[in-house]
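J.: Could you look at this predicted model? Sequence included:
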Amino acid sequence: GFKEVQFEIEGEDVYGTLKFEAGVHRVQRVPQTETQGRVHTSAATVMVFPEAEEFDIEVNPKDVRVDFFCSSGPGGQSVNTTYSAVRLTHVPTGIVAQCQDQKSQHKNKEKAFRVLRSRLYDLELSKKQAEDALKRGSMVTSGDRSAKIRTYNYPQGRVTDHRINLTLYNLGNIMNGDVQEIIDELQLVSNTEKLKETGETF
């Protein structure tokens, strides 16, 4: 299995669409090795970051510890013998970003810094979201990355989004990527909360 997976998605309003996926996704299923038919629960935490540009957030190089290590995985024998992989630690916050999928140390360092900037930007963004959510009692954007947001129940073929109490019996299609109905409902609730907040301001 995988301990951590990182990937980039590009497209129009991609962060505005996928930001609702941030949080803890819980899976309930009966494993093939389970002889008693008991349901097992496992969880994965999803983090969604907007890619921060250098002008969005400034990182002081003095605050960053840089470690180099040997890459692992595909890429030939040289990958395992050269210190091309890079790990960055932002000392004030303890946030870590690392990259080993590029062939050169320079490119790995460059990409790791992009990831680090995005994570620091997201930290500030989540703080603001938490403050805003507290003010308006938001169900959708709490800013809490450890909050349980959705359950996928295989025995019942059910998907439940706990933020808006939405339950769909369409597990197969949703697990194949058809999450538009969930996103539409979340965006509707989020926009309604923002409009309500605007109305209360004036």
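T.: All right, it came through fine.

J.: Please enumerate the strands of this protein.
T.: Along the chain, counting by DSSP state E, strands occupy 23-29, 40-46, 64-69, 85-90, 95-99, 148-153, 158-161, 166-168.

J.: Quick one, which of those gets closest to Leu125.
T.: Evaluated over these, closeness to Leu125 peaks at strand 95-99, with 13.4 Å, by C-beta to C-beta. Heads up, the C-betas are built off the backbone N, CA and C, glycines and all.

J.: That closest one: which residues count as buried?
T.: Neighbour-count burial for strand 95-99 flags Ile95, Ala97, Gln98, Cys99 (criterion: 16 or more other C-beta atoms under 10 Å).

J.: show me what contacts the first one?
T.: It refers to Ile95. By C-beta atoms under 8 Å, 6 or more residues apart in numbering, the contact set of Ile95 is Thr89, Leu116, Arg119, Leu120, Leu123.

J.: Among the residues you listed, show me the least confident.
T.: When the contacts of Ile95 are compared on pLDDT, Leu123 comes out lowest, with 85.

J.: That one - how many residues pack around it?
T.: For Leu123, the count of nearby residues is 15 (other C-beta atoms under 10 Å).

J.: low-confidence ranges in the chain?
T.: For the chain, applying pLDDT under 70 flags the ranges 53-56, 72-81, 132-145, 199-202.

J.: how about the helices of it, start to end?
T.: Assigned by DSSP state H, the helices in the chain fall at 14-18, 105-136, 171-175, 180-201.

J.: and those, which is most packed in?
T.: Neighbour counts (mean count of other C-beta atoms under 10 Å) averaged over each of the helices of the chain peak at helix 105-136, with a mean of 17.

J.: Off-centre distance for it?
T.: Per C-alpha atoms, centre = their mean, to the nearest Å, the displacement of helix 105-136 from the mean C-alpha position of its chain is 11 Å.

J.: Give me the angle between it and strand 85-90.
T.: Here the directions of helix 105-136 and strand 85-90 differ by 40 degrees (axes from the mean of the first three to the mean of the last three C-alpha atoms, to 10 degrees).

J.: CSV please, covering the helices of the chain and showing distance to Thr82.
T.: Shown next, in CSV, are the helices of the chain (distance: least, C-beta to C-beta, whole Å):
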stretch, distance to Thr82
helix 14-18, 34
helix 105-136, 8
helix 171-175, 39
helix 180-201, 42
